[in-house]
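1. below is the sequence, then the predicted model.
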Amino acid sequence: MTPDRVVPFAKPATRAATAAPTTSVVRLVLTDFRGYARARLAIEPGLAVLVGPNGAGKTNLLEALSFLAPGKGLRRAKLSEIDRRATAAPPGAATQDRPGAWAVAATVTGPAGEFDVGTGRDIDSESGERRHLRIDGVPAKSQQDLSERLAVAWLTPQMDRLFADAASGRRRFLDRLVTGFDPGHWSRLLAYERAMRERARLLREGAADPSWLKALEEIMAENGVALAAARLEAVARLAAACADAPGPFPRAGLAIEGAVEHWLGSMPALAAEEAFRAALHDSRGLDRDSGVTQTGPHRSDLLARHLGTGEAAALCSTGEQKALLIAIVLAYARLLALRRGSAPVLLLDEVTAHLDAARRSALFQALRALGAQCWLAGTDTALFAELKGHAQFFAVADAAVSPA
């Protein structure tokens, strides 16, 4: 990838028949993004393999692609931290290097046609930590507009111990998958979190207007029950798909645990909303003293189990935990292809680590059969040898990308 020039890559010699129409990024432009000053890339749908040493810029490319989904991207970094840092100007240079706010632009094709996306850090916002979004040149109403047009899912090395780490990471992982099934899930999640933060502020400051607290708790109850219901439905679908999945990846048993989910399992949704409102009202004093909202879907947890051994995922080896994650993402991609008519764009960073040859081969075969656009990144070309002729290969070095 070189500045101000579109770098085209040839189509793979052969490609497996797609299971569903693909949603694919066919043009990617980065401006002042991490180590990339200005870069443009043209690519064909299908599998793409990024190979290069650590620190070369592979994950930065995947992170840029992750901003085609709502949220903070796969690193969850502050938006201002993504801006490219200035470098010293060479002797005799006429201008100094003055990076601006980062931006990502992409052209995406899918079953509904082609559209353009532009997003980046909004320097005009008060905090500088908001991002703007345009679709086909028109400002988007919200980031939900992205999830209505395409779905993006990713696995990174930091997620290898997802099942053993804090529940917050598992909730974020699940909510990204749920948003693929239900694009409105993202907006409901934001509305719930805004109301929860405002309620916590009012409780902390004291002397809050009871009517305002009641209004915020109404918002939390309505959106919180909807969040829990969407999660329950998605987990049930994923659990069934994982239990029936063929191949050498472990079958994953999935469930979600939480107070609101428990209410929904034993009463109608309206009764669950009433129970949630009552719990919020009764816990105002405790929530004020602790600084934490004690009850709600923000405290729910995704539970996973290795069905072959019966062991909780958190107690499995790192390799088995990664294999379980891959099995879940593959099941999600297959379900989404059936539900939305197009598989998600997959970003798999160092996905071959901890996989033996049999599972590595099974993963590649599953991706080819799925027909999704999948970006795989790694340091060792030999680990992707089976994809020769079936994928586009890129060499990445010093924030530059070239055909391999």
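-> Cool, the structure landed.
2. so what's the residue count around residue 214?
-> Using other Cβ atoms under 10 Å, residue 214 is surrounded by 12 other residues. Backbone N, C-alpha and C define where each C-beta goes, glycine included.
3. gap between it and residue 352?
-> Distance of residue 214 to residue 352, computed by Cβ to Cβ, to the nearest Å: 53 Å.
4. repeat for residue 53
-> Look at residue 53 and residue 352: by Cβ to Cβ, they are 16 Å apart.
5. so which of the two has more stuff around it?
-> Taking other Cβ under 10 Å, residue 53 and residue 352 do not tie; residue 352 has more neighbours (21 against 11).
6. contacts only, for the more buried one.
-> Contact analysis of residue 352 by Cβ atoms under 8 Å, 6 or more residues apart in numbering lists 360, 363, 376, 378, 380, 383, 384.
7. return the subset of the residues you listed lying in strands.
-> 376, 378 (DSSP state E).
8. can you map out the helices along the chain?
-> For the chain, the helices defined by DSSP state H cover 58-66, 79-82, 144-149, 167-181, 184-205, 210-243, 259-266, 269-282, 284-290, 318-340, 357-370.
9. now the angle from the fourth one to helix 58-66?
-> This means helix 167-181. Relative orientation of helix 167-181 versus helix 58-66 (axes from the mean of the first three to the mean of the last three Cα atoms, to 10 degrees): 50 degrees.
10. let's see helix 167-181 as CSV, backbone CA atoms only.
-> Extracted in CSV, the C-alpha atoms of helix 167-181 (Å, rounded to 0.1, in the frame of the first residue of the first chain):
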residue,chain,number,x,y,z
ALA,A,167,-17.6,-10.5,32.3
SER,A,168,-17.5,-7.1,30.6
GLY,A,169,-15.4,-8.5,27.7
ARG,A,170,-17.9,-11.3,27.2
ARG,A,171,-20.8,-8.9,27.2
ARG,A,172,-19.1,-6.7,24.5
PHE,A,173,-18.4,-9.8,22.4
LEU,A,174,-22.0,-11.0,22.7
ASP,A,175,-23.5,-7.6,22.0
ARG,A,176,-21.5,-7.3,18.8
LEU,A,177,-22.9,-10.6,17.6
VAL,A,178,-26.5,-9.7,18.7
THR,A,179,-26.2,-6.4,16.7
GLY,A,180,-25.6,-8.5,13.6
PHE,A,181,-28.9,-10.2,14.2
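11. which positions in it come out as buried?
-> For helix 167-181, burial by neighbour count (16 or more other Cβ atoms under 10 Å) applies to 169-181.
12. for that helix, the distance to its chain's centre please.
-> Relative to its chain's centre, helix 167-181 lies at 8 Å (Cα atoms, centre = their mean, to the nearest Å).
13. that helix packs against which elements?
-> Where contact means 3 or more Cβ pairs under 8 Å, 6 or more residues apart in numbering; DSSP states H and E, helix 167-181 is packed against strand 152-155, helix 184-205, helix 210-243, strand 301-306, helix 318-340.
14. now do 6 Å
-> Judged by 3 or more Cβ pairs under 6 Å, 6 or more residues apart in numbering; DSSP states H and E, the packing partners of helix 167-181 are helix 184-205, helix 210-243, strand 301-306.
15. so which of those is the most surrounded?
-> Highest mean neighbour count among the helices and strands packed on helix 167-181 (mean count of other Cβ atoms under 10 Å): strand 301-306, with a mean of 21.
16. paired strands for it, with orientation please.
-> strand 252-257 (antiparallel), strand 311-312 (antiparallel) (DSSP bridges).
17. will you turn the ones you listed into CSV that also has distance to residue 123?
-> Putting those into CSV (distance: least, Cβ to Cβ, whole Å) gives the following:
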stretch, distance to residue 123
strand 252-257, 39
strand 311-312, 46
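18. may I see those strands arranged in TSV, with mean pLDDT and mean neighbour count as well?
-> Compiled in TSV, these are given as follows (pLDDT from 0 to 100; neighbours: other Cβ atoms under 10 Å):
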stretch	mean pLDDT	mean neighbour count
strand 252-257	97	19
strand 311-312	96	14
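19. and of these, who's closest to residue 329?
-> strand 252-257 (10.5 Å; Cβ to Cβ).
20. with just CA atoms, put that closest one into PDB.
-> Extracted C-alpha coordinates of strand 252-257, given in PDB (Å, rounded to 0.1, in the frame of the first residue of the first chain):
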ATOM      1  CA  ALA A 252     -19.800 -25.000  22.600                       C
ATOM      2  CA  GLY A 253     -22.700 -24.900  25.100                       C
ATOM      3  CA  LEU A 254     -23.900 -21.400  25.600                       C
ATOM      4  CA  ALA A 255     -26.100 -19.600  28.100                       C
ATOM      5  CA  ILE A 256     -26.600 -16.100  29.600                       C
ATOM      6  CA  GLU A 257     -26.900 -15.400  33.300                       C
END
